[in-house]
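**Q** With the input below, show me the fold.
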Amino acid sequence: DKRNCVNTDTAEKLKIAFQDFENDDEMYCCVLHGLGGSFCAGYDLEEVSELEENLANKIAEILMDQGPMGPTKMHLSKPVIAAIDGYCVAGGLELALMCDLRVVEENAKLGFLNRRFGVPLIDGGSVRLPELIGLSRAMDLILTGRLVDPKEALSWGLANRVVATG
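**A** Alright, predicted model coming up:
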């Protein structure tokens, strides 16, 4: 029901999985996907809401280590493909942006919904997005927090392919 939100534990597991992928000479490509009809809806805000003490210190610790989504600050030498279905929003879109290719199903919804609430991009999205689609289009998504459908994502270069759902 959380649409594959990432919490601290999941972020650490993602980081370790990508380290293992990078170090395994028998793996040549990675496909990152979600389960249950969504790619990823970003960071688990319920976890943040449960931090009663030292919230600022916890957030700083996460940012200094790896970033809240896990592997987004890693430099990988092998190709990574995001297989996007359902919601790919907020930090989930930042995960997709770290990938070399994005294959998007027809039912997908992409965007930075977190921007509607003033939550910044902190996992490389503000750097990677303009490189992919240009500054003007990136600013459109970042400033408005609107959703983009697969057809528009493809025409902008945010998606490399659009495929049938399923």
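**Q** unless I'm mixing things up, Gly111 is touching Asp149, no?
**A** No - contact criterion Cβ atoms under 8 Å: Gly111 and Asp149 do not qualify, at 9.8 Å. In short, each C-beta sits where N, CA and C put it, glycine included.
**Q** higher neighbour count, these two?
**A** Taking other Cβ atoms under 10 Å, Gly111 and Asp149 do not tie; Gly111 has more neighbours (22 against 16).
**Q** need the helices for this protein, in chain order.
**A** Secondary structure of the chain (DSSP state H): helices at 8-23, 45-49, 55-65, 91-97, 125-133, 135-144, 150-156.
**Q** In JSON lines, list those along with mean pLDDT and distance to Cys30.
**A** Formatted as JSON lines, the helices of the chain follow (pLDDT from 0 to 100; distance: least, Cβ to Cβ, whole Å):
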{"stretch": "helix 8-23", "mean pLDDT": "91", "distance to Cys30": "5"}
{"stretch": "helix 45-49", "mean pLDDT": "72", "distance to Cys30": "25"}
{"stretch": "helix 55-65", "mean pLDDT": "62", "distance to Cys30": "21"}
{"stretch": "helix 91-97", "mean pLDDT": "94", "distance to Cys30": "12"}
{"stretch": "helix 125-133", "mean pLDDT": "94", "distance to Cys30": "17"}
{"stretch": "helix 135-144", "mean pLDDT": "96", "distance to Cys30": "25"}
{"stretch": "helix 150-156", "mean pLDDT": "98", "distance to Cys30": "21"}
